[in-house]
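Asker: Okay, predicted coordinates and the sequence, questions at the end:
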Amino acid sequence: MEVLFCTSEAFPLVKTGGLGDVCGSLPRALHELGNDVRLILPAYPEVMERAGKLTAVTSLTLTGASEPVEILLGQLPGSEVGLYLVNSPEHFRRPGNPYLQKDGSDWPDNAERFALFARAIVALALGQADTGWKPELVHCNDWQTGLVPALLSEHEARPATLFSIHNLSYQGLFPAATFTALELPDTLWSIDGLEFNNMLCFLKGGIANADWVTTVSPSYAEEICTSEFGYGLEGLLQYRSANLTGILNGMDKQTWNPGSDPHIERGYDVHSLQHKVVNKFALQREQGLPVGSQPLLLGHIGRLVEQKGVDLILDSLDALFQHPIQMVILGSGDHELEQRLMDAADRYPEQLAVHIGYDEQLAHRIEAGADCLLIPSRYEPCGLNQMYSMAYGTIPIAHRTGGLADSIVDLDKQSERDYTATGFIFDEDSPQAILKTCLRALTHFQTRRIDWWKLVITGMKKDFSWSKSAAQYLELYQRVCNNTQTQASIAADSEHKTMPSQAVSV
C-alpha cells in the first residue's frame with residue numbers, strides 16, 4: 001500500500017514525548033511489511049539538521065503563507081521510509097519546542113502553523129505536490145493534523161483517511177474567530193465539523209471526518225467514550241464507535257535493547273541478569289545517591305504534570321522514605337511541581353535525585369538501573385515507558401488505566417501460579433495506593449527473591465515489538481480503503497443513474 005503518515009514529530013528527527021517515539025517506529029514497521037510508507041513533518045530547524053540529504057520536490061502556493069512553501073524529499077534516518085518536509089520558514093524555522101515558546105507558553109500562531117501544515121498534506125494527498133506519487137491512505141496523528149481529514153472530506157476523489165488519537169486532552173482549541181482567519185471552508189463550521197462549544201477544535205476535525213479513528217490502546221478506546229475521559233467529545237466518540245479501534249502501541253526494540261544499548265553502563269539480557277546491578281550502582285553514583293543493592297531503587301520518567309500523577313508521588317514521599325527506598329525522577333513540566341520536587345530532593349538527599357529537563361541517555365540509564373519504574377498516571381492512553389522497563393528487567397508499578405492496564409499483568413495468586421505476572425498494579429489514584437503498592441514490591445524485593453526474578457524474566461520475554469501492531473494497522477488500512485472505494489463506487493453509480501432523468505427535466 002501507499003500510505004502518507006502525517007505527524008508533528010518523529011524520532012530521531014524531533015521528539016517531545018511518546019508521539020515522537022510512535023511516529024518514528026510505526027512507519028518503519030509498516031515499511032518492513034512491504035508498504036510504501038512516507039512520513040511528512042514540518043521542517044523544524046532540528047529536523048533540517050538531522051534529516052540528511054534532501055531534494056526539493058515542488059513549491060506550493062498555500063493559503064496562510066506569504067511565500068511559496070517548499071516540499072522537500074528525503075529518508076527517515078536509519079530506515080528506508082520516505083520523508084517529506086514542509087519547509088515554510090515563517091511557520092517552522094524557529095528555536096525550541098515545536099509547540100511551545102521558551103517560557104513554556106504556546107506559540108501564539110499554532111493554529112496558523114498547523115493549518116498550513118494540513119494544507120500541504122492535502123496537496124500531497126491529492127497528488128498535487130509530488131506528481132510521481134499519490135497515497136491510497138492518509139494516516140493522521142493528534143490535533144496537529146486534525147484538519148487534514150476535514151479538508152480532504154471536501155474532495156470527492158480523495159484517499160482514505162485514518163486518524164489516531166494519542167491523547168484526547170490535547171485538542172487544538174482556538175477561538176471561533178480563528179476559523180474565519182484561517183479561511184477554512186464554511187461547510188466545516190458546524191456541530192458535525194470543527195465547531196466545539198463555539199470554538200475551533202482541530203482534534204474534532206479528525207474524529208468527525210476521518211473514515212476511521214484509532215487510539216493507542218484498546219482500554220483507552222473504551223475510556224474516551226465515557227464522560228470521565230471524553231473531555232466533552234464522548235458523545236461524538238460514542239457516535240463513531242463502529243469506526244473506532246484501539247491498537248496497543250509497540251516499542252522500538254532496536255533503540256530500547258539492554259543487550260546493545262550504548263547509553264548504559266553494562267549490557268545484559270535474561271541470561272546475564274547479574275550485570276543489571278552494575279547499572280544500578282552506576283545510576284546511584286551518577287545521581288549522588290548512596291550505592292548499594294538493598295534499597296529498592298524506583299525510577300520515574302515523564303512530563304511533570306498532574307496527568308502523570310507527579311503530585312501523588314510528592315504526597316507519598318514522606319511515607320515512602322521511611323523505608324529503604326530510593327528514587328530517581330527525570331522530566332519537566334509544571335513549574336510548581338518542578339519546584340516541589342527540587343525541594344523534596346533537598347530534604348532527602350540520600351533517597352531522592354531529581355533531574356529537571358529531558359535527557360534521552362539518562363532515560364535509558366534509569367530504565368536499566370532502577371529496580372522498578374513508578375507510573376501513577378491518572379490516565380494513560382498507552383504509555384511506552386512500562387514496555388521499556390519490562391524489556392530492561394525493571395518492574396513497573398502502575399495505576400490500572402489505559403495502555404498500562406493492557407500491557408502489565410498484576411502479580412496476584414493466579415498470575416504468580418501461571419508465571420504471567422509482570423508488575424504491580426493499583427486501582428486507586430492516591431498517595432496511599434502508591435505507598436501500599438510500593439511496599440508490596442519492596443517485600444517481594446527483600447524477602448522473595450526467586451519470585452522477584454520470575455517477574456523480571458517474564459517481563460523481559462514479553463514481545464512489545466511493532467510487528468503485531470503494524471499488522472493490525474495494515475489490516476485496518478486495507479479495510480478502510482476497501483470501504484472508501486465501495487462508498488465512492490456507490491456514489492458514482494447513484495450519480496450516473498440520476499443523470500438521464502436530470503437531462504430530461506432540463
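Answerer: Arrived safely. Numbers count the residues shown, from 1 in each chain.
Asker: and the next element down the chain from the helix or strand hosting Ile40?
Answerer: Assigned by DSSP states H and E, Ile40 belongs to strand 36-42. Per DSSP H and E, strand 36-42 leads on to helix 45-50 as the next helix or strand towards the C-terminus.
Asker: who touches stretch 93-103?
Answerer: Contacting residues not belonging to stretch 93-103 are listed as 8-9, 14, 16, 42-45, 92, 106-107, 110, 144 [Cβ atoms under 8 Å, 6 or more residues apart in numbering]. In this view, the C-beta of every residue, glycine as well, is placed from N, C-alpha and C.
Asker: just the buried members of these?
Answerer: By neighbour count, with 16 or more other Cβ atoms under 10 Å, the contacts of stretch 93-103 hold Ser8, Glu9, Val14, Pro42, Ala43, Tyr44, Phe92, Trp107, Asn110, Gln144 as buried.
Asker: And these, which is closest to Phe174?
Answerer: Checking the buried ones among the contacts of stretch 93-103 against Phe174 by Cβ to Cβ gives Asn110 as the nearest, at 8.0 Å.
Asker: one step back: what distance separates the strand holding Ile40 from the middle of the whole chain?
Answerer: From the chain centre to the centre of strand 36-42 is a distance of 16 Å (Cα atoms, centre = their mean, to the nearest Å).
Asker: Return the list of strands paired to that strand, each annotated with direction.
Answerer: Here strand 36-42 has these sheet partners by DSSP bridges: strand 2-6 (parallel), strand 82-87 (parallel).
Asker: ok, residues contacting stretch 301-308?
Answerer: In contact with stretch 301-308 (Cβ under 8 Å, 6+ apart) are residues 17, 169, 310, 329-334, 337-338, 341, 356, 363, 366-367, 373, 375-379, 385.
Asker: Make a ChimeraX selection of the buried ones in the residues you listed.
Answerer: Buried residues within the contacts of stretch 301-308, by 16+ other Cβ under 10 Å, are selected in ChimeraX with:
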select :310,329,330,331,332,333,334,337,338,341,356,363,366,367,373,375,376,377,378,379,385
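Asker: how about low-confidence regions in the chain?
Answerer: Across the chain, the ranges flagged by pLDDT under 70 are 486-506.
Asker: can we see that at 50?
Answerer: Low-confidence segments of the chain, defined by pLDDT under 50: 490, 496-506.
Asker: domain assignment for it?
Answerer: 2-250+470-495, 273-461 (automatic domain parsing).
Asker: Run a quick neighbour tally on Thr131.
Answerer: Thr131: 9 surrounding residues under other Cβ atoms under 10 Å.
Asker: And the strands in the stretch 51-200 of the chain?
Answerer: 55-60, 69-75, 82-87, 137-141, 160-165, 173-175, 195-196, 199-201 (DSSP state E, counting those that start in this stretch).
Asker: Tabulate these (TSV), appending mean neighbour count and distance to Ser389.
Answerer: Shown next, in TSV, are the strands of the stretch 51-200 of the chain (neighbours: other Cβ atoms under 10 Å; distance: least, Cβ to Cβ, whole Å):
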stretch	mean neighbour count	distance to Ser389
strand 55-60	14	40
strand 69-75	20	31
strand 82-87	24	30
strand 137-141	27	24
strand 160-165	26	24
strand 173-175	16	33
strand 195-196	20	36
strand 199-201	22	35
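Asker: Including distance to Asp463, could those go into a markdown table?
Answerer: Formatted as a markdown table, those follow (distance: least, Cβ to Cβ, whole Å):
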| stretch | distance to Asp463 |
| --- | --- |
| strand 55-60 | 38 |
| strand 69-75 | 27 |
| strand 82-87 | 28 |
| strand 137-141 | 23 |
| strand 160-165 | 22 |
| strand 173-175 | 38 |
| strand 195-196 | 39 |
| strand 199-201 | 37 |
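Asker: how about these, which one is nearest Ser219?
Answerer: strand 160-165 (13.1 Å).
Asker: what lines up beside the closest one in the sheet?
Answerer: strand 137-141 (parallel), strand 212-215 (parallel).
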